[in-house]
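>>> Quick one: sequence plus predicted model below, questions after.
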Amino acid sequence: KAEEERVKKAEEEKVRRAQKAEEERVKQAEDERFRKAGARMLLLLSVFLGVAICVYVYVYVTKGIYSGETKLVDGRTVRHGKGKLTVFYEGVYEGTFVMGLKHGAGKFAYQNGDVYSGHWHKDQPSGRGTLAKKNGNAFTTTSGYVDGSLVVEMTNTMTGEEYAGVVVDWQRHGTGKMRKYSGILNGWQQNGDWFEGQWM
């Protein structure tokens, strides 16, 4: 009987140890699962924060948001190819970029409602284009920069009025000359004379 009692106790101890080992194994598996989940969350958080910081730095530095093609130059990503750039407080440009600058064919929708479509050269309107004003007027333009000022030749496609000179935000400003429409306009005879001077 004593032997039976000893064998019974040994079996119970064996079962208890097996149960404890199983509990320990399950606990370790749970701890490992939580550890891996925590590591994944930390990685995702790091990536998110990294992206957020990059976006914040990009937006802060450029004051704009860009989506489109890019190019890696000396370890730095620059706008290159087709893309869209929203410039805060100015408007939205859609077109081609070269080495970070608006260059080639593109359209800029200004915040005031005006829209310029045409050629760009190193971030500035240059060459032939069209300008649609918010008030309904439309112009064909030829533009370029001279001594830091945007100089244009623009013709109103509805009235025939022409202007050649300096503009600021596509408004006549500075030295230029203008030829009024030749003919009857709004009941008045226009003689088509040129006017030259300073526009403010």
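Received, thanks. Residues are numbered from 1 along each chain as shown.
>>> Can you verify Glu94 is assigned to a strand?
Yes - secondary structure assignment (DSSP: H, G, I helix; E, B strand; the rest coil) places Glu94 inside a strand.
>>> if I pick it, what's in contact with it?
Counting by C-beta atoms under 8 Å, 6 or more residues apart in numbering, Glu94 makes contact with 83-85, 106-107, 109. C-beta: built from backbone N, CA, C; applies to glycine.
>>> Now which of those would you call buried?
With burial judged by 16 or more other C-beta atoms under 10 Å, the buried subset of the contacts of Glu94 is 83, 85, 106-107, 109.
>>> Name the nearest of those residues relative to Tyr116.
The shortest separation between Tyr116 and any of the buried ones among the contacts of Glu94 is 7.0 Å, and it belongs to Lys107 (by C-beta to C-beta).
>>> Can you give me the buried ones in stretch 80-89?
80, 83, 85-87.
>>> Put together CSV for the residues you listed, with distance to Thr157 and pLDDT on each row.
Shown next, in CSV, are those (distance: C-beta to C-beta, whole Å; pLDDT from 0 to 100):
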residue, distance to Thr157, pLDDT
His80, 34, 91
Gly83, 29, 91
Leu85, 28, 91
Thr86, 28, 89
Val87, 27, 86
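>>> Mark which of these are part of strands, please.
Secondary-structure check on those using DSSP state E: residues within strands are 80, 83, 85-87.
>>> from those, which is closest to Ile65?
Ranked by distance to Ile65 (C-beta to C-beta), these are led by Thr86 at 4.7 Å.
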